[in-house]
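Peer 1: Predicted model follows, preceded by the sequence.
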Amino acid sequence: MSLGCILLNLLVIVPWYLPSSQIIVGDEVNKIRILQLNVFINNQQYNRAIALVKKENPDVAVFLEVGEKWAEELKVLRQSYPYVFHNQDNRIFGKRIFGKLIYSKIPLENQNIKIISKSYKRTALVTQLKVPGKPIFLIVTHLAIPITKVSFQVRNQEFAVLADYVSKLQSPVIVVGDFNTSLWSPYYQQFVQKTGLRNGRRGFGIQPSWPTFLPLFYIPIDHCLVSPEIQVFNSYTGKNVGSDHLPLITDLAIF
């Protein structure tokens, strides 16, 4: 019985480690590295996050759960990342938290804030990366934490709103963020089925990202999802920088 249970689990896990059909990435394509990190509002190790960005040298750096202090400390990145999109959309105990922040070397056009939960005033950042050829939509989201019945329902509603929005976009799409759900959630699976997006970690392993304070119980809740026409040629988690999340780095090729 134990062996049977192990085999059933392997049927779900092993496909994430099997290399998908990859194409050769040459100089004629646009290569984009995206780094995403939920910094954790109580984390004060700002220098470690900044050093991570300098080490990985992404084209686009996305930060979640950015409070006012984090937003101030990260301004040093403007020296290398001139294009910025920042929104602080929640107040708890008078403090702005759960902000979302994009630093980019690539121009960010048509910046827009999409409301995904009216009652909780939760939003997603929507912009377009200006690359040669067709612009690429970049959507940054941080879904509700499903720790109560109400927040569980809110997160699932956010999935539905975001799926409906993404499915209507005409250009290729990249969706990154803290989804607060694993690869095996039926709500996550409904989202990818409706949008047609695929997870960037496919072929590179499960790459669990949370919680760093319980290493044996890591699960993958930080995701980079892309349209079929966008090639993923590498995906990996970075070093712990003091957050309860590991950073996720994804290398893309856009034709």
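Peer 2: Now that the structure is in, tell me what you want to look at.

Peer 1: all strands of the stretch 51-200 of the chain, in order?
Peer 2: In chain order, the stretch 51-200 of the chain shows strands spanning 60-66, 83-87, 90-92, 95-97, 99-104, 108-117, 122-129, 136-142, 173-178, 198-199, with DSSP state E, counting those that start in this stretch as the criterion.

Peer 1: Can you add distance to Phe217, mean neighbour count and mean pLDDT and give those back as CSV?
Peer 2: Any C-beta I mention is one placed from the backbone N, CA and C, and that applies to glycine too. As requested, those are exported to CSV (distance: least, CB to CB, whole Å; neighbours: other CB atoms under 10 Å; pLDDT from 0 to 100):
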stretch, distance to Phe217, mean neighbour count, mean pLDDT
strand 60-66, 20, 25, 97
strand 83-87, 31, 17, 96
strand 90-92, 26, 12, 55
strand 95-97, 25, 15, 55
strand 99-104, 26, 23, 96
strand 108-117, 28, 15, 93
strand 122-129, 26, 23, 94
strand 136-142, 21, 23, 97
strand 173-178, 17, 24, 98
strand 198-199, 20, 18, 96
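
Peer 1: Kindly reformat those strands as JSON lines and extend each row with distance to Ala51.
Peer 2: Shown next, in JSON lines, are the strands of the stretch 51-200 of the chain (distance: least, CB to CB, whole Å):
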{"stretch": "strand 60-66", "distance to Ala51": "12"}
{"stretch": "strand 83-87", "distance to Ala51": "20"}
{"stretch": "strand 90-92", "distance to Ala51": "28"}
{"stretch": "strand 95-97", "distance to Ala51": "23"}
{"stretch": "strand 99-104", "distance to Ala51": "15"}
{"stretch": "strand 108-117", "distance to Ala51": "24"}
{"stretch": "strand 122-129", "distance to Ala51": "24"}
{"stretch": "strand 136-142", "distance to Ala51": "22"}
{"stretch": "strand 173-178", "distance to Ala51": "21"}
{"stretch": "strand 198-199", "distance to Ala51": "28"}
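
Peer 1: Looking at those strands, which is nearest to Phe152?
Peer 2: Closest of the strands of the stretch 51-200 of the chain to Phe152 is strand 108-117, at 12.7 Å (criterion: CB to CB).

Peer 1: So which other helices or strands are in contact with that closest one?
Peer 2: Judged by 3 or more CB pairs under 8 Å, 6 or more residues apart in numbering; DSSP states H and E, strand 108-117 is in contact with strand 83-87, strand 122-129, strand 136-142, helix 149-167.

Peer 1: Contacts for it, please.
Peer 2: 83-85, 87, 89, 102, 121-130, 135, 138-139, 141, 143-144, 154, 157-158, 161-162, 165 (CB atoms under 8 Å, 6 or more residues apart in numbering).

Peer 1: Any stretches of this structure with poor pLDDT?
Peer 2: Counting by pLDDT under 70, the ranges of the chain that qualify are 5-12, 14, 21-28, 90-97.

Peer 1: Looking at the helices and strands packed on strand 108-117, which is nearest to Phe213?
Peer 2: Closest among those, once you apply CB to CB, is strand 136-142, at 19.4 Å.

Peer 1: just to revisit the earlier point, mind checking which of the helices and strands packed on strand 108-117 is nearest Gly242?
Peer 2: Per CB to CB, nearest to Gly242 of the helices and strands packed on strand 108-117: strand 136-142, 18.4 Å.

Peer 1: what angle do the closest one and strand 122-129 make?
Peer 2: Inter-element angle recorded for strand 136-142 and strand 122-129: 160 degrees (by axes from the mean of the first three to the mean of the last three CA atoms, to 10 degrees).
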